[in-house]
Every structure is written in C-alpha cells, then in structure tokens.
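> Structural data only, the sequence is not supplied:
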Ligand SMILES: NCC(=O)N[C@@H](Cc1c[nH]cn1)C(=O)O
Ligand SMILES: [Zn+2]
Ligand SMILES: [Zn+2]
C-alpha cells in the first residue's frame, strides 16, 4: 500500500528548500502490521520510543557537544572522551563494555611532536542467550571537522532543534544519531518491559573519518573470538538516496586518499623579491592536480577505467526503478551544477564508476586578503572512490605513474613526492539473505513502504573486513536522508528520521529473531 504523503515546501536556513512530511495514520499502520504478521510486542516498543523521544534527543545533544574530530590532533582528547561517554552509557544500560586501545597513530603527532594515541574501540555485548541470534553492529563516534566560520548557521557542536524537526549539529546524522539509535533501542525495550529479541555485539570506533586506522587488525583478530557468535552484521552509517523512500544498502565504493608534496625554496618567499627568479612549488602543484581529472569528472589517469567491471544487462535494468529525483539531488547539492542531467547516469556515476576529487592544498595561503607569499612547500590532497573490480595496489601504481609523469613534463627543479595516506576497499554483498529480509520487513512496518535496494558512493572502510573476518552477511541500514549534509556545513538529522530510525533498528532485531533459521 502506498504511503500517504503530503509535501509542504519550507525554507532552509541556507536558502534551499525542503519538505515537511506527514506519515501513515494509525489504521493504515495497523492494517500493514496484520499483513506483515508482525511481532505484537513491537507496538509497545514503538509507543515507548515515542514517549522517550525528548530523552533520546537529549542524549544526542550530549554526544554532539563532544567535538570528537578524529583528523585534528588537538581534538584527540575529545575523541577519547566521546568513547568514554558511549562506554558509560552502555554500562548504565547493563551491557558488558571494554575500551580496547589501538596503539599509536602513524603519520600524526601531538603539537610537541610526541606520538599520538589512537582513540579506543568500544566493544560491548548486551545479552548472551544461546537460544537467540546474535547481531554485530558497527558505527563510529568520531566526526568530520566543523567550525562556525566554515559557514554554519548554528554552533556545530550545539545541537539546535528547529520547530520543523530538523536537528542541526556535527555528527547528528554521521554517525552519532545512528550509534545512539542502538543504545536507545535497548533502553526503550527495558522501559517497556519487552524482552530484547537478540544478543547484541557492538563495535564503535573513533577513527572512521580518518580511514579507520588500526581497526582492520582488531576485526581480523576478533573475527573468531569476540565476534565469533555473530550471525550477521548491521551497520547504520549511510543515508537514504532521497528524502521519501527508505533504503537498504548492499554496496559501497572504496576510498584511496593521496598526498602529493612539492617543495623547492628553504622558506616561504616574498613574491616581489623572488617572483620570476625561483621556480614555485604551487605553480607546479596546481598543474599536476589539474592533470588528474577534467570538468566532467573523467579521470585522466591511465589504468583506472580499464579495471572497472562491465555493466551487465541485469544491472542496466536496475536503475530506472530506484526512487531518485534529480530535483532532490539539486536540493542536496544546493545548486544545479550536476555533471549529468539524468537519473541513470547520475546513479551509475555515484555507485558503480570511480571518481576522483581534489580536496585541498596544505601549506598554501588560504586566508582572506592579499598576502604576496610564495609558499615553499605545498601538499595537494586528492582521493579516488574505487569500484568493482579495482585493486588497491594497481590503482596506487597507476596514480603514482601518472603524477610522476605529469611532474616530469614540467621539467621543474623542485622536488615531488606522492603517497597514499590511506586506502580502503569497495564492497558489494548479496541482499538475498535473511538479514536483508528482516530489515525490509522492519522498514515496511515502520515507514509503511518497501525499501529500495541501493548501493552508495561513500565508503565505510571496514565493511569488507567485517564480512571477511566473520564470514557473515553485512547489511547497511541507514537512518538519515539525502539532505542531511554529512561532512558539510549545517549537518542535520530530522527528528522524524531519528525517532522512526530508533523504531526501525529495534524492529529489525525483532524480525531477525523471526527469520527462518535455515536461511543464510
Ligand atoms: N559515513 C561514512 C563516511 O562518511 N565515510 C567516509 C570514510 C572515509 C574514507 N576515507 C576517509 N574517510 C567517506 O568519506 O566516505
Ligand atoms: Zn559515517
Ligand atoms: Zn562520514
């Protein structure tokens, strides 16, 4: 049955528009519940979640207030504090919790040059009933950097809840809201006196936004130990494709992140004195960076597109059925500057083709004003989102060759170095598994519509590691929507998505418990 949906445009603080959504009435929900032969205790769980919504928003407010930015050494104590916050909340809920140290970080130091500790991984178990299935959930408690001066309309680490339900704050959707969703689901079961349907294993890390440093080793080590009981894995760390239809995700792109450093003079120079007499690192760097990709996103590095899996007839037919509107993309983008005008090419570009993005230049003058400096050493940063059947080593080799040749063509006397800061594999799984069936039923129960089955352009580096180390099916079950602005200014999570998302995570666990034991 289609969901009843009314749309009402309203202004966003950044000048674009969004839509207020109105959801299923109680009789329609009840009818669908009968159709889905639902676990009756879910009604009690849902009412409990509704009655605790203020408390759950308060918990999110406390989490957002901790600026757990993993890419900034100065914020590392806050990342650690966030790990402890989660551990304390889980302990209060009766989970058995461990804070696992991951050792020292390679490539980043404290301001005084001393080695920086990686933040701990929060490992927790809730329930150990042999008669129940065990679900392993993963999320991350670190966030992307955010400064009010980047253009935020509100304080990024102060959760701001508007009357229309939008909750602005760094990490609200990526990934503190979804991580707290699991804790909230446990608490609502306890308060409602409803038996928790599965055993829950939890793994929450604090370095995801910096390439999940150190986590692969822990997962591989614990695959057959701490995680040995896991029957399946669920990750809530991505977004709906649009704003109207929920989705279940079975594929991610990988991410290889590169640095290219060019240096020459011993110190920054006065361009009046040395301009025209010294070869300038910045001039070389922008030419090298410009050689990587064109305006239409076509990667110029030989040996990348050659690795991409061909489109099968089955895949070609998938895209038109997906609920995705170019209009919603323009809304999320805040402009109409898309490379493609049509849905199919856009989805293919996001899901199944590689892309190369140039992110920034370290050491370059970037403040307002007109400083006449010649930077002595500049480091360009770019990344490639990788897809089936690209290989990390082949891709790195192709990038290094291209950058070296592009620099050699300049015949510069400066010095160039290129390296991969971190690499992460793409992942594509089978959605034909009880884990996905349970999530699809939960989605229909909570949102009143079947989910789309989607792939995603972003990366969660450890997804493949979990699949390989546990040998179990991995499902991505998103909470937020496409307009949430993860990694961007004014990141938000809609209150509706948070509260219904908590219901969804709990309902998924109930359906997991009901799925036939002989499948998967
Ligand atoms: N919500 C997932 C996410 O944002 N992942 C990051 C992971 C990453 C990869 N390399 C650096 N960070 C992403 O950018 O996709
Ligand atoms: Zn994330
Ligand atoms: Zn992220």
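Perfect, thanks for sending it. Computed from a prediction, not measured in an experiment: that's the story for all the values here. Residues are numbered from 1 along each chain as shown. Ligands and ions are numbered 1, 2, ... in the order given.

> how about the residues of the chain near ligand 1?
174-175, 208-209, 211, 237-238, 255, 257, 424, 458-461, 486 (CB under 6 Å from any ligand atom). Heads up, the C-betas are built off the backbone N, CA and C, glycines and all.

> Please flag which of those sit within strands.
Per DSSP state E, strands hold the following members of the residues of the chain next to ligand 1: 255, 257.

> closest to residue 76 among the residues of the chain next to ligand 1?
Distance to residue 76 across those (CB to CB) is lowest for residue 209, with 12.9 Å.

> Was I right to think residue 116 contacts residue 104?
Yes - if you go by CB atoms under 8 Å, residue 116 and residue 104 touch, sitting 6.7 Å apart.

> Any regions of the stretch 401-520 of the chain where pLDDT drops low?
For the stretch 401-520 of the chain, applying pLDDT under 70 flags the ranges 518-520.

> For it, which segments count as helices?
434-447, 463-470, 495-514 (DSSP state H, counting those that start in this stretch).

> Give me the angle between the last one and helix 434-447.
Put plainly, it is helix 495-514. Angle, helix 495-514 to helix 434-447, by axes from the mean of the first three to the mean of the last three CA atoms, to 10 degrees: 140 degrees.

> what packs against helix 495-514?
Contacts defined by 3 or more CB pairs under 8 Å, 6 or more residues apart in numbering; DSSP states H and E place helix 495-514 against helix 41-51, helix 53-64, strand 166-168, helix 177-192, helix 434-447.

> Let's see that with 7 Å instead.
helix 41-51, helix 53-64, helix 177-192, helix 434-447 (3 or more CB pairs under 7 Å, 6 or more residues apart in numbering; DSSP states H and E).

> Could you list the residues in contact with the third one?
Residues lying outside helix 177-192 but in contact with it, judged by CB atoms under 7 Å, 6 or more residues apart in numbering, are 44-45, 48-49, 52, 56, 59-60, 63, 89-90, 93, 126, 137, 139, 141, 196, 200, 202, 204, 236-237, 479-480, 493, 498, 501-502, 505-506.

> Mind listing the strands the helix or strand following that helix pairs with, and their directions?
Where DSSP states H and E defines the elements, the next helix or strand beyond helix 177-192 is strand 199-205. Here strand 199-205 is paired, per DSSP bridges, with strand 121-126 (antiparallel), strand 134-140 (parallel).

> Could you give the separation of the last one from the chain centroid?
Taking the mean of its C-alpha atoms, strand 134-140 sits 15 Å from the chain's own mean (CA atoms, centre = their mean, to the nearest Å).

> touching ligand 2 at all, that strand?
No - if you take CB under 5 Å from the ion as the test, strand 134-140 misses ligand 2, and the best it gets is 5.6 Å.

> same for whichever helix or strand comes after that strand, what does it pack against?
On the C-terminal side of strand 134-140, the closest following helix or strand by DSSP H and E is strand 160-161. Strand 160-161 sits against no helix or strand, with contacts defined as 3+ CB pairs under 7 Å, 6+ apart.

> what distance separates strand 160-161 from the centre of its chain?
22 Å.

> which residues sit against that strand?
Contacts to strand 160-161, defined as CB under 7 Å, 6+ apart, come from residues 57, 154, 167, 168, 169, 495.

> Closest to ligand 2 out of these?
Closest approach between the contacts of strand 160-161 and ligand 2, by CB to the ion: residue 169, at 14.4 Å.

> Isn't that closest one up against residue 65?
No - Residue 169 sits out of contact with residue 65 when judged by CB atoms under 7 Å, with a separation of 8.4 Å.

> which residues are in contact with both of those two?
157, 158.

> Counting neighbours, go ahead and name the busier of those two.
residue 169 (28 against 16; other CB atoms under 10 Å).

> Now mean pLDDT and mean neighbour count too, for the strands paired with strand 199-205, in JSON lines please.
JSON lines is the format used below for the strands paired with strand 199-205 (pLDDT from 0 to 100; neighbours: other CB atoms under 10 Å):
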{"stretch": "strand 121-126", "mean pLDDT": "98", "mean neighbour count": "22"}
{"stretch": "strand 134-140", "mean pLDDT": "98", "mean neighbour count": "26"}
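
> May I see these organised as TSV, with distance to residue 85 added?
TSV is the format used below for those (distance: least, CB to CB, whole Å):
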stretch	distance to residue 85
strand 121-126	10
strand 134-140	14
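
> and the residue of the stretch 201-350 of the chain found nearest ligand 2, what does it touch?
Nearest residue of the stretch 201-350 of the chain to ligand 2: residue 237, at 4.2 Å (CB to the ion). When contacts are counted by CB under 7 Å, 6+ apart, residue 237 touches 139, 140, 175, 178, 460.

> For residue 303, state which of those is nearest.
Nearest member of these to residue 303, counting by CB to CB, is residue 460, at 25.6 Å.

> Now do the same contact list for the closest one.
Taking CB under 7 Å, 6+ apart, we find residue 460 in contact with 235, 237, 252.

> how about 10 Å then?
Contact analysis of residue 460 by CB atoms under 10 Å, 6 or more residues apart in numbering lists 138-140, 175, 208, 212, 235, 237-238, 249, 252-255, 424, 427, 466, 474, 476.

> What of residue 100?
83, 120-123, 203, 205, 214-215, 218, 221-222, 226.

> If any of the residues you listed are buried, put those into a ChimeraX selection.
Only the buried members of those enter the following ChimeraX selection, criterion being 16 or more other CB atoms under 10 Å:
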select :83,120,121,122,123,203,205,214,215,218,222,226
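
> Now whichever residue of the stretch 51-200 of the chain sits closest to ligand 1. Nearest residue, chain neighbours left out?
Nearest to ligand 1 in the stretch 51-200 of the chain, going by CB to the nearest ligand atom, is residue 174, at a distance of 4.8 Å. Spatial nearest neighbour of residue 174, chain neighbours left out: residue 486 (3.8 Å); criterion: CB to CB, 6 or more residues apart in numbering.

> which residues touch the one you found?
Residue 486 sits in contact with 143-144, 170-175, 237-239, 458, 480, 492-493, where contact means CB under 10 Å, 6+ apart.

> who's sitting farthest from the centroid in this structure?
Residue farthest from the centre of the chain, counting by CA atoms, centre = their mean, is residue 273 at 47.0 Å.

> Could you double-check that it sits in contact with residue 374?
Yes - between residue 273 and residue 374 there is a contact under CB atoms under 10 Å: 9.3 Å.

> thinking again about what came up before, from residue 113, how far out is the residue of the stretch 51-200 of the chain closest to ligand 1?
31 Å (CB to CB, to the nearest Å).
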